[in-house]
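Q: My questions are about this predicted structure, shown below with the sequence.
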Amino acid sequence: MLRKAIVPMAGLGTRLYPISVVLPKGLMPFALPDGRVTTGLELITEALFAVGLEQIAIVVSPENRPVYEAFLEGGGARYALARSKRSEIQQTYESLQRLRCRITFVEQSELLGLGHAVWCARRFAEGEPALVLLGDHIPLPLGDPTPIAEVIRLHATHHTPAYGVHRVPRDKVVLYGILKGESTDVPRCYRLLKLHEKPTPEYAHRYLRTSGLASDEFFAHSGVYAFPPALWEVLDALASEHDPSQGEWTLTLAQQRLLQRMPAYLYDSEHAGLDFGTAQEYRSAFCYLAGYNDV
C-alpha cells in the first residue's frame with residue numbers, strides 16, 4: 001500500500017532566475033478564481049493528500065529549507081493580531097499548520113539529478129513503496145487527481161512500477177523521458193517495453209514508437225511515478241557506482257534497471273499537468289489557474 005510520497009524541489013530553478021535566488025520554485029505564487037493566493041507546494045501536496053497519501057517528503061536544498069519552514073510556520077506571533085482580525089488569514093494559517101504536520105523536509109546537499117534527489121529520501125521511505133511527483137508539475141484536473149489515482153491503482157494491481165504518461169509530438173521528445181509501451185486489455189493502460197531519457201527525434205522514431213499512437217506521437221513522462229520497494233535496492237546500487245564527474249544521476253537509469261527485473265505499466269493521461277519550471281510555463285500555469293485558460 002502506498003502511504004508515502006516524495007516531491008523533489010531542490011533544483012536551483014535557473015530557468016526562473018533571478019526570482020529563484022530569493023524564492024524557491026515550490027513557493028511561486030498562483031492566484032485562484034476565488035481570489036485566494038496559493039503556491040505550487042500547496043497545490044501539489046493537496047493533490048497527494050486527496051488520493052490518500054499520508055506522509056510527504058519534500059526534497060529541498062539546505063539553503064532553501066529555512067525558507068520553506070518559515071512559509072509553513074505562517075508568520076507565527078508576528079501575524080497573530082492580523083489573524084485575530086481577519087478570519088480568512090486565520091483559516092489559511094490553520095491550513096498551513098495541518099500541512100506542516102504531514103511534511104518532512106529532506107535535504108539534497110549536492111544537485112546530482114532526480115535519481116539522487118529521490119535516493120536522498122530513502123530514510124523517510126523506510127523501504128516502503130513510494131510515489132514520486134515532480135516538484136514543478138501541478139497535477140490536473142484540480143480537485144480530481146485522476147492521473148495520480150490511476151497510477152496508484154496500477155501499482156496496487158501489479159505490485160510493480162507504474163508511471164503517468166502523456167502524448168508529445170516528435171519535435172518535443174528531446175525535452176522528456178520517452179517511453180515505448182504496448183496496449184493491454186485495460187483502457188489507457190500500457191505495458192512498458194523501453195524508455196530513454198531525452199532521445200533525438202530520429203532515435204525516438206526508430207526505437208520508441210508505441211503501436212496505436214499517431215506516427216508523430218510519443219509517450220512522455222508526466223511527472224507521476226509509483227515505485228515498489230525494489231526501487232531502494234536499485235538506487236543504493238546506483239549510488240555506489242555513481243561518479244559525480246559523469247554528471248547527473250537520472251531517475252530514468254533506475255527505471256531501466258527495474259524494468260530488467262520486473263514489468264512496469266503506464267497510464268495514458270488526458271491531462272499533462274501544469275509545468276511551471278520556466279517563465280513561459282509559469283505564465284501559462286498562472287493564467288490557467290486564475291481562470292484565463294491560457295495553456
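A: Structure received.
Q: Now the top helix by length along the chain: average pLDDT?
A: Looking across the chain with DSSP state H, the single longest helix is helix 87-101. Averaging pLDDT along helix 87-101 yields 94.
Q: Now do the residue nearest the centre of the chain against Arg36, distance only.
A: Per C-alpha atoms, centre = their mean, the C-alpha nearest to the average position across the chain is that of Leu134, at 1.7 Å. For Leu134, the distance to Arg36 equals 24 Å [C-beta to C-beta, to the nearest Å]. Just so you know, the C-beta spots here come from the backbone N, C-alpha and C atoms, and that holds for glycine as well.
Q: Any stretches of the stretch 51-200 of the chain with poor pLDDT?
A: 143-145 (pLDDT under 70).
Q: Let me see the ranges of the helices in it.
A: Counting by DSSP state H, counting those that start in this stretch, the stretch 51-200 of the chain has helices at residues 65-73, 80-85, 87-101, 114-119, 122-125, 146-158.
Q: Pick the most buried one from these.
A: helix 114-119 (a mean of 24; mean count of other C-beta atoms under 10 Å).
Q: what kind of secondary structure is Ala237 in?
A: helix (DSSP: H, G, I helix; E, B strand; the rest coil).
Q: Now it. Nearest residue, chain neighbours left out?
A: With sequence-adjacent residues excluded and distances taken as C-beta to C-beta, 6 or more residues apart in numbering, Ala237 is closest to Arg257, at 7.6 Å.
Q: Tell me which helix or strand comes right after whichever helix or strand that neighbour is part of.
A: Using DSSP states H and E, Arg257 maps to helix 251-261. Using DSSP H and E, the helix or strand that follows helix 251-261 in sequence is strand 265-268.
Q: any residues touching the next helix-or-strand element following that next one, and which ones?
A: Downstream of strand 265-268, the first helix or strand assigned by DSSP H and E is strand 274-275. Residues outside strand 274-275 that contact it (C-beta atoms under 8 Å, 6 or more residues apart in numbering): 136-138, 140, 223, 281, 284-285, 288-289, 295.
Q: can you give me the end-to-end distance of stretch 194-213?
A: 15 Å (C-alpha to C-alpha, to the nearest Å).
Q: Off-centre distance for the longest helix of the chain?
A: Between the centre of helix 87-101 and the centre of its host chain there is 24 Å, according to C-alpha atoms, centre = their mean, to the nearest Å.
Q: which residues make contact with that helix from outside it?
A: Contacts of helix 87-101 (C-beta under 8 Å, 6+ apart): 36, 42, 45, 71-75, 79, 82-84.
Q: Go through these and say which is closest to Leu12.
A: Phe71 (18.4 Å; C-beta to C-beta).
Q: now the end-to-end length of stretch 159-172.
A: Terminal-residue distance, stretch 159-172 (C-alpha to C-alpha): 31 Å.
Q: for stretch 131-151, same thing?
A: Note: stretch 131-151 ends 9 Å apart using C-alpha to C-alpha.
Q: and if you look at stretch 72-89?
A: Criterion C-alpha to C-alpha; first-to-last residue distance in stretch 72-89 is 13 Å.
Q: so the residue nearest to the centre of the chain sits right up against Gly223, yeah?
A: Yes. Counting by C-beta atoms under 8 Å, Gly223 is a contact partner of Leu134 at 3.6 Å.
Q: which helices and strands sit right next to the host helix or strand of Gln280?
A: If you go by DSSP H and E, Gln280 is part of helix 279-290. With contacts taken as 3 or more C-beta pairs under 8 Å, 6 or more residues apart in numbering; DSSP states H and E, helix 279-290 sits against strand 29-31, strand 274-275.
Q: buried residues in it?
A: Applying a neighbour-count criterion of 16 or more other C-beta atoms under 10 Å, one finds 281-282, 284-286, 288-289 buried in helix 279-290.
Q: The residue nearest to Val173 when sequence neighbours are not counted: neighbour count?
A: Spatial nearest neighbour of Val173, chain neighbours left out: Ala204 (4.4 Å); criterion: C-beta to C-beta, 6+ apart. By other C-beta atoms under 10 Å, the residues close to Ala204 number 23.
Q: now swap in the one 3 residues further on and tell me
A: Using other C-beta under 10 Å, the number of residues around Tyr207 comes to 13.
Q: so what's it up against?
A: Here Tyr207 is in contact with 180, 194, 196, 199 (C-beta under 8 Å, 6+ apart).
Q: Distance-wise, check it relative to His166.
A: 20 Å.
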